[in-house]
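Novice: Just the structure for this:
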Amino acid sequence: MREQPTWRIPVGVLGIVLGLALYGLAIAVLVAPLIGSWPALAQAPIYLVLGIIWILPLRRYLIWMETGRWG
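Specialist: Next up, the predicted model:
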């Protein structure tokens, strides 16, 4: 158990929130205009994949937040 709180956790949470907001903005600006006119059932798989992709690098980031190491 950790004796003292570490600065990495609040900075990491802010980083996740900021990164997710930027990712969402990038999707809205870059992808939405391309597929916005498609039928909803054609858009759904694309947004589903894009909604899951941001989770992939999160494991290493959470390890860094907890331990200070990237792996």
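
Novice: give me the low-pLDDT residue ranges for this protein?
Specialist: 1-2 (pLDDT under 70).

Novice: Okay, strands next: where are they in it?
Specialist: Taking DSSP state E, the chain contains no strands at all.

Novice: What segments of it are helices?
Specialist: Per DSSP state H, the chain carries helices over the ranges 8-30, 32-35, 40-53, 58-67.

Novice: Columns mean neighbour count on top of these, output as TSV?
Specialist: (C-beta placed from N, C-alpha, C; glycine too.) Below are the helices of the chain laid out as TSV (neighbours: other Cβ atoms under 10 Å):
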stretch	mean neighbour count
helix 8-30	12
helix 32-35	10
helix 40-53	11
helix 58-67	13
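
Novice: so what's residue 62 up against?
Specialist: When contacts are counted by Cβ atoms under 8 Å, 6 or more residues apart in numbering, residue 62 touches residue 12.

Novice: switch the cut-off to 10 Å
Specialist: Counting by Cβ atoms under 10 Å, 6 or more residues apart in numbering, residue 62 touches 9, 12, 16.

Novice: same question, residue 53
Specialist: Counted by Cβ under 10 Å, 6+ apart, residue 53 has contacts 23, 27.

Novice: I'd like the distance between it and residue 6.
Specialist: Separation of residue 53 from residue 6 (Cβ to Cβ, to the nearest Å): 28 Å.

Novice: just residue 67 next, same as before
Specialist: Using Cβ to Cβ, residue 67 is found at 9 Å from residue 6.

Novice: Over to residue 49?
Specialist: Distance, residue 49 to residue 6, by Cβ to Cβ: 34 Å.

Novice: Same check on residue 55?
Specialist: Counting by Cβ to Cβ, the gap from residue 55 to residue 6 is 23 Å.
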